[in-house]
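below is the sequence, then the predicted model.
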Amino acid sequence: MKPIIKTMFKRFLQLEWKAFFRSASLGQSLGLKIFMGFLAVYFLISFLILGIALYPLLEELFPEQPPMQVVNNFVLIWLVIELFMRFMMQTLPVLNIKHMMINNIKRKTIIHFVLIKSLFSFYNLLTPLAVIPFGIWCIRKGDYSALQITGWIIAMLALVTAVNYANFLLKKKFSENIKSITPYLVVALVLVGLEYFEIFKISEFTGGLIGFLLEYPLLVIIPILIAIGLYLWNFNYLKNNFYLDSGLKGKSTQVETTDLGWTKRFGDIAPFLQLDMKLLWRNKRPKTTIWFSLLFLCYGLFFYPNPVYANMPAFLVFVGIFVTGIFVINFGQFIPAWDSSYYSMMMSQNIPMKKYLESKAGLMYFSIVVLTLLSIPYVYFGVEILLLNIACAIYNAGVNVPLILYAGSFNKKRIDLEKTQFMNYQGTGATQWILGFPLLIIPIVLWYVVYKIVDQTTATTVLGLIGVIGLVLKNLFMKKIVKAYKTKKHIQINGFKQVS
Amino acid sequence: MIQVNNLTKTYNGTTVLHIENLEIKKGESFGLVGNNGAGKTTFFSLLLDLIQPSTGNITSNGVQVHLSEDWKPFTAAFIDESFLIGYLTPEEYFYFIGDLRGQNKADVDALLDKYKEFFNDEILNNKKYLRDLSKGNQKKVGIIAALIGNPEVIILDEPFANLDPTTQIRLKRIIKELADNPDVTILVSSHDLAHTVEVSNRIVALNKGEVVKDIQTSQETLRELEAFFAV
């Protein structure tokens, strides 16, 4: 690397270091980071153990097939799972470029920095930790030569890198032009269908290809080229969007004014409801929460047909809370930060805090009702599931909504709606799921305890009843929440002012 | 109308504002001048309870602003762009503020019509979101929004900055008109001494957080202020 680029990279890292430690939400971020650190170590160790134990495990489970072949057949499925996980969990590196654009730094350097930095991600360590020990087993057992395995490991690493950059593109498409994903999605679904009905097993096909690669280690060049290709695809995309009027600001869009007159029937919270709806619809970040909600509506399809979860009914509570409450989790946890760019106006306006918060709650109730209605077709998998989902919905409305509103009073990190940052994907990372954790765990534990002591119907009823009690006590909760927001007001105003 | 008692604001041991005693009478047109860091915005932020005083308090129309929210119905302000909602059109923003201040659409429309000249055809019916307007046009929206709902206390921080010369002249006319109303107390801050002298009948100069001048505007005022700031 040229020395000038090296110092550049060092500068960037220093800048980010300062941005992190000098931010208003440092304490919060630090606590979360430590927790995430523990989780990361846990997963790293898990994958390492998996890698070490994989060979003997596969020998026992599939005695008629060589372990390497089993692994190869699984590679494609694993890559898809990894891509999905990354899509959900991995936060893409964000770099504030506006002030760098006119400085003496080459555009290319900045983009290379962003892309290369993403390689130093925890998610890129998981697969290698499993793959390398497995490869060593294969050499020791004499299945393959050291050269063959080296080629194979390099190929796997290249594929992981490719997934890393594919995720970049996917996230970008998802937040910018969701329709452009459709063709890829259709191809993927067709392949899944062909695999499922055993017409064409793409997983075995790719398994065969990788087997071929073991025969001719030189072919390792192909996965490497795939990875490089995806890198360049990203690079070009970013380069073309590295202008104030495209990547940063977005075109001044023609407005679509809709008359939300029907909200008037909600009385004096109507202006806020209208405002929130416009917020959701006219800004990319909040808009993704809507897409997420609809996407996760299909979550049940993973679990309900799967016999594994039939013996783990607590999982169904998880799905129920998740499906009906995904919007509450995703939108709710950033209250009131959604309004951060104009929070000081809101606080000096003639707005009683209670009305402001009630309209947020109203929006979340509304989402629960809509998502519950949309999830009714799951009755196909049994009436108990429908009842459980309704109970979960009531619980979400009664307990989780006030809980997340209260948690919001601790928010002091600004959200930039207007996307002033290069690739702003704030809040689409693992942390948002971590914060949603208590909302999910408490009802699962509650339900499970009653289920163990009595039975499923009672457990579901109890969950619903707790929700009803929560709804009855709503005004009491609201009073406490309003008080919390009032005491935190000045801290929040100050925090929201910090443009990261 | 506004009574300031022993007000200080301290950040990490540095006092950025210290006002022993200051009374702003009802109907007064109050100009606040000072260099960067003199404490103008800090004072306005304290007045709006956006930051907390380190000691002392501000009473507005009998309401201690950091204890009760009852000052909100009769107070309106435009401090900076953070008072605007970027994803709304100017009209939507005006109606939203109108809703908050108990004004229906017709009331707001009447007010907007009155300030048509000030907008210079650049604001209304333009099918643009506020975030896509220029800084100057954003400012126009913010200033007029602060006039919705007949507020008794109007606070404008640096209203002349970023405006073109024509609009500055029009704004001066608007402020003077408001100042003529004995029920309206208007507080304006500026770096520009001439503007402030023109629109205010009382001028307070801040320097390093302290009141250094407090004068009723007269023909001498501008010269006196210029002499003070020329160092």
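Sure, I can see it. Numbering: from 1, shown residues only, chains lettered A, B, ... in the order given.

how does chain A divide into domains?
As assigned by automatic domain parsing, chain A contains the domains A:25-248, A:261-497.

which among those domains is found nearest to chain B?
Comparison of those against chain B by C-beta to the nearest C-beta identifies domain A:261-497 as nearest, at 3.8 Å. Glycine gets a C-beta too; all of them are placed from N, C-alpha and C.

got a pLDDT number for A:K106?
The model reports A:K106 with a pLDDT of 75.

in chain B, where's the longest helix?
Ranked by number of residues, the top helix in chain B under DSSP state H is helix B:165-180.

what's the answer for chain A, then?
helix A:26-61.

stretch A:165-184 near chain B at all?
No - Stretch A:165-184 is not in contact with chain B by C-beta under 8 Å from any C-beta of the partner chain; minimum separation 15.9 Å.

tell me which residue of chain A is furthest from the middle?
Ranking residues of chain A by C-alpha distance from their mean position (C-alpha atoms, centre = their mean) puts A:G142 at the top, at 41.4 Å.

hmm, B:P182 is touching B:G27, no?
Yes - in this structure B:P182 lies within contact range of B:G27 using C-beta atoms under 8 Å: 4.2 Å.

OK, contacts around B:L67?
B:N57 (C-beta atoms under 8 Å, 6 or more residues apart in numbering or on different chains).

for it, give me phi and psi.
Backbone geometry at B:L67, expressed as degrees, to the nearest 10, gives phi -110, psi -30.

OK, contacts around residue 40?
Unless you meant another one, I'm taking chain A. Contacts for A:A40 (C-beta under 8 Å, 6+ apart) come out as A:F122.

wait, chain B was what I had in mind.
B:L32, B:V33, B:G34, B:D157, B:E158, B:S189, B:L206.

recalculate using a threshold of 10 Å.
Residues in contact with B:K40 (C-beta atoms under 10 Å, 6 or more residues apart in numbering or on different chains) are B:17, B:32-34, B:157-158, B:187, B:189-191, B:204-206, B:209.

circling back to that earlier point, looking at the domains of chain A, which is buried most?
Neighbour counts (mean count of other C-beta atoms under 10 Å in any protein chain shown) averaged over each of the domains of chain A peak at domain A:261-497, with a mean of 19.

the helices in the stretch 251-400 of chain A, which residues?
Counting by DSSP state H, counting those that start in this stretch, the stretch 251-400 of chain A has helices at residues A:270-282, A:284-296, A:299-303, A:307-310, A:314-332, A:343-348, A:353-374, A:383-395.

could you dump those to a markdown table with distance to chain B?
Listed next are these as a markdown table, based on distance: least, C-beta to the nearest C-beta, whole Å:
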| stretch | distance to chain B |
| --- | --- |
| helix A:270-282 | 4 |
| helix A:284-296 | 9 |
| helix A:299-303 | 30 |
| helix A:307-310 | 41 |
| helix A:314-332 | 16 |
| helix A:343-348 | 4 |
| helix A:353-374 | 8 |
| helix A:383-395 | 30 |
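
make JSON lines out of these and add mean pLDDT and distance to A:V462.
Shown next, in JSON lines, are the helices of the stretch 251-400 of chain A (pLDDT from 0 to 100; distance: least, C-beta to C-beta, whole Å):
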{"stretch": "helix A:270-282", "mean pLDDT": "87", "distance to A:V462": "32"}
{"stretch": "helix A:284-296", "mean pLDDT": "81", "distance to A:V462": "25"}
{"stretch": "helix A:299-303", "mean pLDDT": "81", "distance to A:V462": "22"}
{"stretch": "helix A:307-310", "mean pLDDT": "74", "distance to A:V462": "21"}
{"stretch": "helix A:314-332", "mean pLDDT": "90", "distance to A:V462": "11"}
{"stretch": "helix A:343-348", "mean pLDDT": "90", "distance to A:V462": "39"}
{"stretch": "helix A:353-374", "mean pLDDT": "92", "distance to A:V462": "19"}
{"stretch": "helix A:383-395", "mean pLDDT": "93", "distance to A:V462": "8"}
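
quick one: residues contacting A:Y237.
Here A:Y237 is in contact with A:I111, A:F168, A:L169, A:K172, A:K173, A:G247 (criterion: C-beta under 10 Å, 6+ apart).

beta partners for the spatially most central residue of chain B?
With distances taken as C-alpha atoms, centre = their mean, B:L156 lies nearest the centre of chain B, 1.4 Å away. Beta bridges link B:L156 to B:F78, B:V188, judged by DSSP bridges.

I'd say it and B:I79 touch.
Yes - taking contacts as C-beta atoms under 10 Å, B:L156 lies within contact range of B:I79: 8.4 Å.

mind checking which residue lies nearest the centre of chain A?
The centre of chain A sits closest to A:M88, judged by C-alpha atoms, centre = their mean, with a distance of 2.7 Å.

name the nearest residue to that one, ignoring sequence neighbours.
Once flanking residues are discounted, A:M88 sits nearest to A:W433: 7.2 Å by C-beta to C-beta, 6 or more residues apart in numbering or on different chains.
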